[in-house]
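Enquirer: what's the 3D shape of this:
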Amino acid sequence: MSGACGGRPHLDAASVGALLRPLHALADTQPQRPALHFRGRTIGYAKLWSRIERVAAHLLADWGVGRGDRVATLCLNHDLQLALLFACARLGAIFVPLNYRLAVPELAAIAAHAGVRAIFHDDAHADVAAAVARASEGAVADEGAGAIAGEVAGQVAGQVAGEVASAVVRAVADEAGAAGRRSAVRHAHIDRLIDSPAPPEPIDAPIGPMPDDTPLLLVYTSGTTGQPKGALHTQAALLANARASWWAHEMRDTDHVLSTLPMFHVGGLCIQTVPALLLGAQVTLHERFTPDAWLEALAQARPTLSLMVPATLRAVLEHPGWADADLGVLRGVMAGSSTIPRAYIDAFHARGVPLGQVYGATETGPVSIVLRLHEAMARPGYAGWPQPEAQVRLLGRDGKEVADGEVGEICIRASNLMQGYWREPFHPGFVDGWFRSGDLAHRDADGCIEVVGRSKDMIISGGENIYPAEIENALVALPGVAECAVVGLPDPRWGEVPVAVIVPAPGADRAALATERLRETLAARIARFKLPREVVLLDALPRSALGKVLKPQLRATLEVARGASDGSGGSCASAGSGGSGASGGSAAGVGSVGSGGGGRGGMN
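Expert: Numbers count the residues shown, from 1 in each chain. Modelled structure (predicted):
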């Protein structure tokens, strides 16, 4: 192992799995090529590889980390997170990025469930990391070695072929022999990984060959519909996801990615950032997103690609610097996470910047369905086509594929799919290698897919299926609407009716939004039976730590407010958003806009 930063790599190539071979080759053949820009520093590919080796050596010598051990981070985006991810790949360990927006009890539950051995944190999260370590101390030993190895091996054996199952058995074999002595969860500042001198011993000997199906990444879902679940990804899956990303972006080694989304999620980590590094491209990494820094980076770093979500798109579009920003360097922007309002898409297209879309989930790598940049302006609002190594089925309630144009649940099987849920054997959402997303979509005759909403969010009103995303897209295009969400509430006549929750834009006429005029405007855009039966104004929508609207919580709040008003359609009182990591708002003197007449059945 090379201990000096920037040194040329010398190692046993057999101990480097397929995921790391591109990085090793770049460090060997193009040592000075820029890889990462972070906090004003530039890290070349040789220096990046040296950091990976150095971190791996510290994990092995100072922390006793070996195959199958789980190592976590709790920090804002940091260049050492990437070095740690790749160092885990060197050792056969498993990287667990923790969501810093969660509360201590939530983090402790995840750390205990994952059996985390060490947590590396930044300055801002030192106290939280210490509290999480204390709260989860003893959890690994308490679970017992047999339970850990048995649950994981049984889970994977029940879902995938024997060779893959054996990889997980290998990954937890060390855990079975050492769980009894690993009762303490250690924590340290992430800079400790490189602050002290690297151990002089080479790390190749104790590692041995690294199978491609070795587990590497354990990411927990946001838990908007229940307890978070750990999605376990292998080294081979991350490499397959990189191939999908290269195809999705038509990425080349001359690209420069501006990475601002949190790397505790597969979106920020795996859609552009890791694939770009494996290709030899450059990455400018920000600790967190701010519209000021994003726009400033366009002028200074001159990136060609960036990834955004609806909230960051909105922040940039509302920034006073948007109108004069030089966007000419961008080949395009990719977006995902949730439905992208058409107004946001149109705003970027009007400036000549294609806004593509990436559909996926924590469980899927996540690159699964893509509207590529050269297709973005012709099919705005669509999710796109499956990536080359993915199979996508749209299944009806009978479990059979639906015809083109009909709505079905998205089910995915792909090379970048997770290996399974951590310690959740035979989960019904992942069977025979197929992941059931819970998302609803239809497919055009040319294979292009449009997502229409979540199956759990679909509203059945008078026998008609209503997809909230369709109403939301129409609402957000109206003047005075900053954000919106549509949920179904019980109705004695129709079973359910759609209710629109709107966050007014600054300076909007709030009273005008809660009137029959809103319905009249929408009637020109969507069918009458889809018109919201009520309109509620809030200062903010309740959101998860990943920015997704918490519709179950929103629905419950509205039901409480409705009960408080005795169903009279009067002013609604908010029950508040509650919950750590979520944002919410209070109702603002809101009433029902009335039924607006009309029936179901043969309505137009």
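Enquirer: what packs against the host helix or strand of Asn473?
Expert: Element membership for Asn473 (DSSP states H and E) is helix 468-476. Helices and strands touching helix 468-476, by 3 or more Cβ pairs under 8 Å, 6 or more residues apart in numbering; DSSP states H and E, are helix 342-350, strand 449-454, strand 481-491, strand 495-504, helix 516-522. (C-beta placed from N, C-alpha, C; glycine too.)
Enquirer: which elements pack onto the longest one?
Expert: What it means is strand 481-491. Judged by 3+ Cβ pairs under 8 Å, 6+ apart, the packing partners of strand 481-491 are strand 459-461, helix 468-476, strand 495-504, helix 551-564.
Enquirer: so the nearest residue to Ile43 once chain neighbours are set aside: helix, strand or coil?
Expert: With Cβ to Cβ, 6 or more residues apart in numbering as the criterion, Ile43 has its nearest non-adjacent residue at 4.3 Å, and that residue is Leu36. Of the three states, Leu36 takes strand under DSSP: H, G, I helix; E, B strand; the rest coil.
Enquirer: name whatever forms a beta bridge with Leu36.
Expert: Leu36 has these beta-bridge partners by DSSP bridges: Ile43, Val283.
Enquirer: hang on, it packs against Leu80?
Expert: No. Contact status for Leu36 versus Leu80: not in contact, 10.3 Å apart, counting by Cβ atoms under 8 Å.
Enquirer: and the gap between the closest residue to Pro97 other than its chain neighbours and Leu554?
Expert: Excluding the flanking residues, the one nearest Pro97 by Cβ to Cβ, 6+ apart is Phe264, at 4.2 Å. Separation of Phe264 from Leu554 (Cβ to Cβ, to the nearest Å): 24 Å.
Enquirer: repeat for Gly267
Expert: 23 Å.
Enquirer: of those two, who's got more company?
Expert: For Gly267 versus Leu554, the count of surrounding residues by other Cβ atoms under 10 Å is larger for Gly267: 25 against 22.
Enquirer: residue contacts, that one?
Expert: Contacts here follow Cβ atoms under 8 Å, 6 or more residues apart in numbering; on that basis Gly267 touches Leu261, Leu307, Val309, Gly336, Ser337, Pro366.
Enquirer: for Trp49, grab the count of nearby residues.
Expert: 28.
Enquirer: repeat for Arg39
Expert: Applying other Cβ under 10 Å, we find 9 residues neighbouring Arg39.
Enquirer: what's the answer for Phe38, then?
Expert: Phe38 has 18 neighbouring residues, counting by other Cβ under 10 Å.
Enquirer: Leu232 pairs with what?
Expert: Per DSSP bridges, the residues bridged to Leu232 are Leu218, Gly420.
Enquirer: that one against Leu217, yeah?
Expert: Yes. Leu232 lies in contact with Leu217 (Cβ under 8 Å); the separation is 7.5 Å.
Enquirer: common neighbours of the two, please.
Expert: Both Leu232 and Leu217 are contacted by Ile94, under the criterion Cβ under 8 Å, 6+ apart.
Enquirer: low-confidence ranges, the stretch 101-250 of the chain, go.
Expert: Low-confidence segments of the stretch 101-250 of the chain, defined by pLDDT under 70: 138-183, 198-208, 222-226.
Enquirer: can you pull out the strands in it?
Expert: In the stretch 101-250 of the chain, the segments counted as strands under DSSP state E, counting those that start in this stretch are 116-121, 186-189, 215-220, 230-234.
Enquirer: need the ones you listed in TSV (columns: distance to Pro209 and mean neighbour count).
Expert: Compiled in TSV, the strands of the stretch 101-250 of the chain are given as follows (distance: least, Cβ to Cβ, whole Å; neighbours: other Cβ atoms under 10 Å):
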stretch	distance to Pro209	mean neighbour count
strand 116-121	23	26
strand 186-189	28	18
strand 215-220	15	26
strand 230-234	15	25
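Enquirer: so how far is Gly356 from Asn99?
Expert: 26 Å.
Enquirer: so between those two, which is more surrounded?
Expert: Between Asn99 and Gly356, counted using other Cβ under 10 Å, the more crowded position is Gly356 (27 against 21).
Enquirer: show me what the more buried one bridges to in the sheet.
Expert: Met334.
Enquirer: please name the residues that touch it.
Expert: By Cβ under 8 Å, 6+ apart, Gly356 lies in contact with 248-249, 332-335, 370-373, 375-376, 384.
Enquirer: now with 7 Å?
Expert: Neighbouring residues of Gly356 by Cβ atoms under 7 Å, 6 or more residues apart in numbering: Gly332, Met334, Val370, Leu371, Arg372, Leu373, Ala376.
Enquirer: gap between it and Pro366?
Expert: Noted for Gly356: a distance of 14 Å to Pro366, by Cβ to Cβ.
Enquirer: please identify the helix or strand for the closest residue to Ile194 other than its chain neighbours.
Expert: Leaving aside its sequence neighbours, Ile194 sits nearest to Arg54 (Cβ to Cβ, 6+ apart; 5.7 Å). Here Arg54, judged by DSSP H and E, is contained in helix 45-62.
Enquirer: for that helix, buried residues please.
Expert: Neighbour-count burial for helix 45-62 flags 45-60 (criterion: 16 or more other Cβ atoms under 10 Å).
Enquirer: tell me the strands beside the next helix or strand after it, with direction?
Expert: Helices and strands here follow DSSP H and E; after helix 45-62, the next one along the chain is strand 70-74. Paired neighbours of strand 70-74 in the sheet (DSSP bridges): strand 94-97 (parallel), strand 116-121 (parallel).
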